[in-house]
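In: sequence plus predicted model, see below.
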There are 2 protein chains.
Amino acid sequence: MKRGFSVEEYRARLARAQAAMERAGLGAILLTTEPDIRYFTGYLTRFWESPSRPWFLVLPLTGAPVAVIPSIGAALMAKTWIRDIRTWSAPDPEDDGVSLLADTLRGTGGPVGVPSGPESHLRMPLADFERVKRASGLEWRNDGGIVAALRAVKSEAEIDKIAHSCGLAGRAFDRVHEIAAPGVPLSQVFRDFQRLLLEEGADWVPYLAGGAGPDGYGDVISPASEVPLGGGDVLMLDTGAVWDGYFCDYDRNFAIGHATKAQQDAHHRLVDAVAAAFDIARPGARASDLWRAMADIVGDGDAAGRLGHGLGMQLTEGLSLTAKDHTVLEPGMVITLEPGVALLPGRIMVHEENIAITKGAPRRLSRFSGRELAVI
Amino acid sequence: MKRGFSVEEYRARLARAQAAMERAGLGAILLTTEPDIRYFTGYLTRFWESPSRPWFLVLPLTGAPVAVIPSIGAALMAKTWIRDIRTWSAPDPEDDGVSLLADTLRGTGGPVGVPSGPESHLRMPLADFERVKRASGLEWRNDGGIVAALRAVKSEAEIDKIAHSCGLAGRAFDRVHEIAAPGVPLSQVFRDFQRLLLEEGADWVPYLAGGAGPDGYGDVISPASEVPLGGGDVLMLDTGAVWDGYFCDYDRNFAIGHATKAQQDAHHRLVDAVAAAFDIARPGARASDLWRAMADIVGDGDAAGRLGHGLGMQLTEGLSLTAKDHTVLEPGMVITLEPGVALLPGRIMVHEENIAITKGAPRRLSRFSGRELAVI
């Protein structure tokens, strides 16, 4: 699988953004976050882990994007298709890119749109944002969701990368029997599963969650405890592994030693719920339709929370499979189907698969689990 | 090593924040980011990788903190010392915590301080932030750097956790000879080094950078290439491994097969620069003094960039060792010493160690490298 994207793909992304900006009356869009900047540039680095420096990309209504970035990133940005790279020596306590960014934006004439809707945030200090706004002398607005809407519909090349991540995670899941057994602390299983993901080709493992217990697990966000696995536990591992900047996000459940009828019944319902959503995951269906199909089977009805979400350059992005999200599915959207079921009050099992919406039946990106709960 | 902190430590952090709020005339501080919220609560989860939901912590001028969070986090937050936990079912496209947060803030009377200075960002959609401000009817201000200043001075328990991370990374560095040899692609070395870090006890590896080449490397932020190591290369690996939510951040250089005189000379200068900064890293010295001590030895003089930084719950946080940062060192600050030297134009070697400032000589948190470049 080839890393990166063609320059044509980046040009197409820019052209779509500029067409939307034209319709929205925007003279520029200002981007500050890792995925937004990477989407239009291909700038890929783990250096975003450091919060010390802000990074900016300006999309003008016409012409090429302008990177306004700390000089430490100039060499790497120059390897992308971006040619207009303006740098300052950051961090600078006196002027941390503020005047350089304001000058750049002024050149566009504005108005400047900033992603401000659901899931967005501004990755720069608020005080400097106010300074940039004042110094620019321009009108500032919400970007109207332009960037989020573009990112929600993936290209074939993007979907192939997500499928690649799903594939390597699948091989790691196939090896869980090597690392999980009665007596092994959950924290050790977490460490070892990250190792398996790396061995199977993940570039890195930004996300791992999971849980274990005879009646399922308490939640799916807690860090691993030191409690050892016991025979009869259900172990769940849910990863976010990354390959070339694209996530998979799915889980697998395993019965340790033997599976109870309650565990098997729950697993059947979860797999059936995924199948029900899969069957209707066609263009024109709404996110809330898929939620309803799963909620009816897992039995929580209207009390069920989010049962899936968009996926791509971020672990979760875009639509949510909830009762209230009526986003209409389009070919190119990549989503997770993630129903959960309670075995006891406060003890759950969750199952998750990844699919891409096409003109016809969805494409399975994860190799779908069988209906029987695996026993290891 | 014990995970977590005592409730007394959290109470002390809150008391210091509230004393500073009193002096600054703030009725509340609103926190939205992972490290800021964890600092006052102990709420530790990798679920922050998902951008879909905002999370809030309100520090009132008097009384206990209030968590205003998505219901999916309620059970985990309830395991911390926080008792006032207010939840909503997120994501909610109609009101994603806005009215619940505004109500909570209104109860404090304001003014509300928000971290807005260097390295900060607001982790919530800008449009919702404006809604909360309006709905609260309160006065809003910069927090005046209160939270950043508190976090910059670590407790003994925090420093011990960083030392623990440094220790496990040291054991992984000791094993690099197992994974690096002529012909092995750098991308494979990166994967395997993350595996070694996990085997040696890292909870996870949020950050890994590095490079290789006979004359050093081009930068320290690029993802690993597929280029195989060659005999005579210098390989550098720089990690950000985490244990119980605290980072180490240091690197090691290795000569593959044999070291050239130029490589050895560069390494000597780097180790000497670290020693020079270490010698003056006492309370009262300024960040810029340490920068000067290193810049004079690595020879870039005033052209040298950032040669170290604060470290803790984030890979980089707090002060920068630059010419312009005159922050005065205090006992409890944890910093990296990170000089770089150019072997050729555009080809560098970088060396890094981690220390804690004490009343006397600094505490070495990483086991300091010898002066000779290791050959593997």
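Out: Yep, that arrived. Everything numeric here is computed off the predicted structure, so don't read it as measured data.

In: spell out which parts of the stretch 201-350 of chain A neighbour chain B.
Out: The interface of the stretch 201-350 of chain A toward chain B, taken as CB under 8 Å from any CB of the partner chain, is made up of A:201-209, A:218-219, A:221-223, A:240, A:305-306, A:309, A:314-317, A:320, A:322, A:324-325, A:346. C-beta: built from backbone N, CA, C; applies to glycine.

In: just the buried subset of those, please.
Out: Of all those considered here, the ones buried according to neighbour count by 16 or more other CB atoms under 10 Å in any protein chain shown are A:201-209, A:218-219, A:221-223, A:240, A:305-306, A:309, A:314-317, A:320, A:322, A:325.

In: among the residues you listed, name the ones in strands.
Out: Assigned to strands by DSSP state E, the following of these qualify: A:204, A:205, A:206, A:207, A:208, A:209, A:240, A:309.

In: any chance of these in TSV, with pLDDT too?
Out: Written out in TSV, the entries for those read as follows (pLDDT from 0 to 100):
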residue	pLDDT
A:204	94
A:205	96
A:206	95
A:207	96
A:208	96
A:209	94
A:240	95
A:309	98
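
In: which residue ranges of chain A form helices?
Out: For chain A, the helices defined by DSSP state H occupy A:7-24, A:34-41, A:74-77, A:98-106, A:126-136, A:146-152, A:156-173, A:186-199, A:261-280, A:287-298.

In: from residue A:143, how far out is residue A:6?
Out: 25 Å (CB to CB, to the nearest Å).

In: with neighbour numbers in mind, choose between these two.
Out: Between residue A:6 and residue A:143, counted using other CB atoms under 10 Å in any protein chain shown, the more crowded position is residue A:143 (27 against 13).

In: show the contacting residues for the more buried one.
Out: A:24, A:26, A:29, A:113, A:114, A:115, A:116, A:117 (CB atoms under 8 Å, 6 or more residues apart in numbering or on different chains).

In: the last one - nearest residue in space that isn't next to it in sequence?
Out: Translated: residue A:117. The spatial neighbour of residue A:117 that comes closest, neighbours along the chain excluded (CB to CB, 6 or more residues apart in numbering or on different chains), is residue A:145 at 4.9 Å.

In: neighbours of the nearest residue to residue A:356 once chain neighbours are set aside, how many?
Out: Leaving aside its chain neighbours, residue A:356 sits nearest to residue A:363 (4.3 Å; criterion: CB to CB, 6+ apart). Neighbour count for residue A:363, taken as other CB under 10 Å: 14.

In: now do the contacts for residue A:363.
Out: Applying CB under 8 Å, 6+ apart to residue A:363 gives the contacts A:159, A:163, A:355, A:356.

In: same question for residue A:309.
Out: Counting by CB under 8 Å, 6+ apart, residue A:309 touches A:316, A:317, A:318, A:319, A:320, A:321, A:335, A:336, A:338, B:52.

In: dihedrals phi and psi, the first one?
Out: Its backbone dihedrals place residue A:316 at phi -140, psi 140, with angles given as degrees, to the nearest 10.

In: same check, this time on the fourth one
Out: Here is the backbone geometry of residue A:319 (degrees, to the nearest 10): phi -70, psi 160.

In: my guess is it contacts residue A:328. True?
Out: No - with contacts defined as CB atoms under 8 Å, residue A:319 does not count as touching residue A:328, sitting 9.2 Å away.

In: distance-wise, check the spatially closest residue to residue A:231 that is not a sequence neighbour relative to chain B.
Out: With CB to CB, 6+ apart as the criterion, residue A:231 has its nearest non-adjacent residue at 3.7 Å, and that residue is residue A:257. With the distance defined as CB to the nearest CB, to the nearest Å, residue A:257 ends up 25 Å from chain B.

In: roughly how far does residue A:257 sit from residue A:374?
Out: Here residue A:257 is placed at a distance of 12 Å from residue A:374 (CB to CB).

In: what's the burial count for the residue nearest to residue A:17 when sequence neighbours are not counted?
Out: Excluding its sequence neighbours, the residue lying closest to residue A:17 (CB to CB, 6+ apart) is residue A:59, at 5.6 Å. Other residues within reach of residue A:59, judged by other CB under 10 Å, total 26.

In: contacts only, for residue A:59.
Out: Residue A:59 makes contacts with A:14, A:17, A:18, A:21, A:28, A:29, A:31, A:40, A:65, as judged by CB under 8 Å, 6+ apart.
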